[in-house]
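> Fold the following and give me the result.
(chains A and B)
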Protein chains: 2
Amino acid sequence: MKRIKCELMYDGSRFSGYQSQLNDRTVQQELEKALWKIHKKMTVKTHASGRTDAGVHALGQIVHFDTPLAMPADRWARALNGELPQDISVKRTEEVPDSFHARYSVTGKEYRYRIYRTPYRDPFRTSYAYHYPYPLDVERMKKAAAHLIGEHDFTSFCSAKTDKENKVRTVTNILFIETGNDLEVRFTGNGFLYNMVRIMVGTLIKVGNGRMEPEDVAKILADRNRQHAGQTAPAAGLYLWQVFYDN
Amino acid sequence: MKRIKCELMYDGSRFSGYQSQLNDRTVQQELEKALWKIHKKMTVKTHASGRTDAGVHALGQIVHFDTPLAMPADRWARALNGELPQDISVKRTEEVPDSFHARYSVTGKEYRYRIYRTPYRDPFRTSYAYHYPYPLDVERMKKAAAHLIGEHDFTSFCSAKTDKENKVRTVTNILFIETGNDLEVRFTGNGFLYNMVRIMVGTLIKVGNGRMEPEDVAKILADRNRQHAGQTAPAAGLYLWQVFYDN
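Numbering: from 1, shown residues only, chains lettered A, B, ... in the order given. Below you'll find the model as predicted:
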């Protein structure tokens, strides 16, 4: 058996998220359907770096699977793209040792969140960015973000629907990129809890528009209470950008 | 009665084109539904600069309608956006004299066609550009395009499904903009026949990839035979960019 690592991108707008679900269209399902065809109707299980929610996009999702086929590792990208629907694309495939696991070997991830602030909606960005046409003080948002950097218990920034016990994560960097009416917030860390990026964004927006103070973020972290943080920002603005592994 | 001119943009990917049709979702239908609501269930007819096909986008489509309502002209954009679905957006509204007609007063139009040439498909551009990963010699395409400039009978570049008798149009400019792996072809003219831009693009691509000579385009025009031109390029790459009127 060979273990194949795939880097894939997908437009999340027409998926009910990454993970297979009965009756709903998911990325995992489409991927396993493509593998099933390539393996002449043999089921091949895939493992991803993590799930993404309905409407969330990915530029660099990582998945692995094991195959008995002799195909050279770099040919897998083309073979899979031949079977996949147009809103998923495999960018790269390579053979990896059995010790590699797309989920357990993760050392960090980068997510990006896109906000655009034109007065009118852009119909081309409905599914790809969050339209926020109200004032935002980005300097205040940066001050608030500084409180999130480092190792913290992120219970306040995690959906109650999580199945994770340990809510301690390390956020290594939060970067704000302003380009005209666009604001992109880039989050890097060793791992992110369920809805964590979207709740951080919702909270940063609340600081940016003046309904909360930057210092409140430290208190919210200490409270360990989801009710105290801001709203979960819409899925459409979120991109799983990169997954990091050792070596 | 006031005559209101609207400039609108729409993402054509989930519409069966601009013009109202039974059972299909169209831009005109959504627009007239919004007007019907604003006019307390009174039907208001709209007139557009022209139709766009299923999957074709617009950045600057122009529409007019007549209204008995006293609302200031510039408020119409916000009122309509409040009722329209997220894939249509009104950019601007203004009052115009009765002599203005969105279709009959047109003096010219600009269409843009987007091609991208990365080796792999970009799932985010499926509905927004034409993926063409094969060699294209843009210099040859420019030579071919030069034959299309000017006043010609464009019968060879018009779908047989047209209802227009007179196939003479003037193409004033064809511009090629290359940015990395992207190629945008911008067409300006006094008017364009049914599928004309997409057939010109399909023909230019045939010259660009060497299956036709630039000089063949002059012959194709003279032939006045749709069969002699290239294929109709996909709708997804096409944008109605601007409509021109006098003054």
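> any idea where the strands of chain A begin and end?
Remark: strands assigned in chain A by DSSP state E are A:2-10, A:46-48, A:57-67, A:88-96, A:106-116, A:130-131, A:150-153, A:168-179, A:182-189, A:238-245.
> Pipe those into CSV and attach distance to residue A:219, mean pLDDT and mean neighbour count per row.
The way it works is simple: take the backbone N, C-alpha and C, and place the C-beta from them, glycine included. Below are those laid out as CSV (distance: least, CB to CB, whole Å; pLDDT from 0 to 100; neighbours: other CB atoms under 10 Å in any protein chain shown):
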stretch, distance to residue A:219, mean pLDDT, mean neighbour count
strand A:2-10, 37, 97, 21
strand A:46-48, 35, 97, 19
strand A:57-67, 32, 98, 21
strand A:88-96, 42, 95, 19
strand A:106-116, 23, 98, 19
strand A:130-131, 25, 96, 20
strand A:150-153, 12, 97, 14
strand A:168-179, 17, 97, 14
strand A:182-189, 21, 98, 20
strand A:238-245, 25, 98, 21
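> Please produce JSON lines containing those strands, extended by distance to chain B.
Listed next are the strands of chain A as JSON lines, based on distance: least, CB to the nearest CB, whole Å:
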{"stretch": "strand A:2-10", "distance to chain B": "5"}
{"stretch": "strand A:46-48", "distance to chain B": "16"}
{"stretch": "strand A:57-67", "distance to chain B": "7"}
{"stretch": "strand A:88-96", "distance to chain B": "5"}
{"stretch": "strand A:106-116", "distance to chain B": "12"}
{"stretch": "strand A:130-131", "distance to chain B": "9"}
{"stretch": "strand A:150-153", "distance to chain B": "33"}
{"stretch": "strand A:168-179", "distance to chain B": "16"}
{"stretch": "strand A:182-189", "distance to chain B": "15"}
{"stretch": "strand A:238-245", "distance to chain B": "10"}
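> could the ones you listed go into CSV alongside distance to residue B:130?
Shown next, in CSV, are the strands of chain A (distance: least, CB to CB, whole Å):
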stretch, distance to residue B:130
strand A:2-10, 18
strand A:46-48, 30
strand A:57-67, 21
strand A:88-96, 15
strand A:106-116, 24
strand A:130-131, 27
strand A:150-153, 47
strand A:168-179, 26
strand A:182-189, 25
strand A:238-245, 24
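> now check stretch A:15-22, is it near chain B?
No - if you take CB under 8 Å from any CB of the partner chain as the test, stretch A:15-22 misses chain B, and the best it gets is 10.5 Å.
> So what touches that stretch?
A:24-29, A:32, A:48, A:50-56, A:58, A:61, A:87 (CB atoms under 8 Å, 6 or more residues apart in numbering or on different chains).
> Residue A:205 reaches residue A:234, doesn't it?
No - counting by CB atoms under 8 Å, residue A:205 does not reach residue A:234; the two are 10.9 Å apart.
> who has more neighbours, the two?
residue A:205 (24 against 19; other CB atoms under 10 Å in any protein chain shown).
> and residue A:144, what is it in contact with?
Residue A:144 neighbours (CB under 8 Å, 6+ apart): A:203-204, A:207-208, A:212, A:214, A:216-217.
> ok, now residue A:161?
So residue A:161 contacts A:194-195 (CB under 8 Å, 6+ apart).
> Do you know the pLDDT at the nearest residue to residue A:133 once chain neighbours are set aside?
Leaving aside its sequence neighbours, residue A:133 sits nearest to residue A:119 (CB to CB, 6 or more residues apart in numbering or on different chains; 5.4 Å). Residue A:119 is assigned a predicted lDDT (pLDDT) of 85.
> can you tell me how far residue A:119 sits from residue A:135?
12 Å (CB to CB, to the nearest Å).
> Domains in chain A, by residue range?
A:2-96, A:111-238 (automatic domain parsing).
> Which among the ones you listed is found nearest to residue B:107?
Residue B:107 sits nearest to domain A:111-238 of all the domains of chain A, at 26.1 Å, using CB to CB.
> got the contact list for residue A:164?
A:158, A:193-194.
> Out of those residues, who's the most crowded?
residue A:158 (21 neighbours).
> how about the nearest residue to it, chain neighbours excluded?
Nearest non-adjacent residue to residue A:158 (CB to CB, 6+ apart): residue A:193, at 3.9 Å.
> Tell me the spacing between the one you found and chain B.
Distance from residue A:193 to chain B, counting by CB to the nearest CB, to the nearest Å: 26 Å.
> Just the buried ones from the contacts of stretch A:15-22, in PyMOL syntax?
The PyMOL selection below is limited to those of the contacts of stretch A:15-22 classed as buried (16 or more other CB atoms under 10 Å in any protein chain shown):
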select buried, chain A and resi 26+27+28+29+32+48+50+51+52+53+54+55+56+58+61+87
